[in-house]
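Visitor: one predicted model, sequence on top.
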Amino acid sequence: MSLRLRVPRLAAGLAIGTAVAIIVSGAAYAITSNVFRYSAPQAGWVSIDEAALNPGTATQTYTRNYTNSSLGAGQAGCFQTGVNLPNGARLTALKASYQSTGAASGTFLLFRRNINTGAGAFIVAGDSANTGSAPASANFPVPAPMAVVNNKAFAYGFAVCFPGTSALGFFSARISYTYTVAGS
């Protein structure tokens, strides 16, 4: 049999087989799975800009400096935002970028809240250090018992809490994680 006859027969066979599979199953499916598993953990990040944060109370005074992109508070209080993390990811660290001009430190929080009970728990609670007005960053590791993201049971959030002075300026934060599954 010549190659000229084999190619059309092969193409026709594939087309008929595909059509039969679609008709029999009642739906079309991709050749690949809808879940992709990596052989080694992959690194991922979620960044949080200061512009994403909201004051914890309606009376909270604050300033936003868009020139150097920082958030500062005129009184003690917290600013927070929800965080969307991939389900099943393993959290590894929280990094916060800030500057401090006083001895009072601010606190950076990564937390989760049980969707059914409303009970909250801190995943990370770390304090800033005096940087002498120079920009700095602080890294806070995530403890293993709280590391795996479970979006079915928990909602996640980030907060920065200022001392009673405006000695802290918050720039941004980054949550680091690893994952082995995409598309789940």
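Guide: That came through, no problem.
Visitor: quickly list the domain ranges of this structure.
Guide: 1-31, 36-182 (automatic domain parsing).
Visitor: let me see the mean pLDDT of the first one.
Guide: This means domain 1-31. In this model, domain 1-31 carries a mean pLDDT of 54.
Visitor: please apply the same query to stretch 146-153.
Guide: Rounded mean pLDDT across stretch 146-153 is 96.
Visitor: ditto for stretch 112-123
Guide: 97.
Visitor: swap in stretch 48-57?
Guide: 87.
Visitor: need the helices for this structure, in chain order.
Guide: 3-25 (DSSP state H).
Visitor: most packed of the domains of the chain?
Guide: Of all the domains of the chain, domain 36-182 has the most neighbours on average by mean count of other CB atoms under 10 Å, namely a mean of 16. For every residue, glycine as well, the C-beta is placed using N, CA and C.
Visitor: relative to the whole chain's centre, how far out is that domain?
Guide: Chain-centre distance of domain 36-182: 10 Å, with CA atoms, centre = their mean, to the nearest Å.
Visitor: quote the end-to-end distance of that domain.
Guide: 5 Å (CA to CA, to the nearest Å).
Visitor: next one: stretch 114-131
Guide: This stretch, stretch 114-131, spans 35 Å end to end (CA to CA).
Visitor: same thing with stretch 122-132?
Guide: Span of stretch 122-132 from end to end, CA to CA: 28 Å.
Visitor: what's that stretch in contact with?
Guide: The contact list for stretch 122-132 (CB atoms under 8 Å, 6 or more residues apart in numbering) reads 91, 94, 96, 98-103, 105-112, 136, 138, 140-143, 146, 156, 168.
Visitor: could you rerun that using 6 Å?
Guide: 94, 98-100, 103, 105-112, 140, 142, 146 (CB atoms under 6 Å, 6 or more residues apart in numbering).
Visitor: ditto for stretch 98-108
Guide: Against stretch 98-108 from outside (CB under 6 Å, 6+ apart): 96, 126-128, 130-131, 133, 135, 160-163, 165, 167-171.
Visitor: ok, now which ones touch His91?
Guide: His isn't right for residue 91; it's Leu. By CB under 6 Å, 6+ apart, Leu91 lies in contact with 142, 147, 177.
Visitor: contact partners for the nearest residue to it once chain neighbours are set aside?
Guide: If the residues on either side of it in the chain are set aside, Leu91 comes closest to Val142, at 4.2 Å by CB to CB, 6 or more residues apart in numbering. By CB under 6 Å, 6+ apart, Val142 lies in contact with 91-92, 123-124.
Visitor: thought Leu94 was touching Leu110?
Guide: Yes: contact criterion CB atoms under 6 Å: Leu94 and Leu110 qualify, at 4.9 Å.
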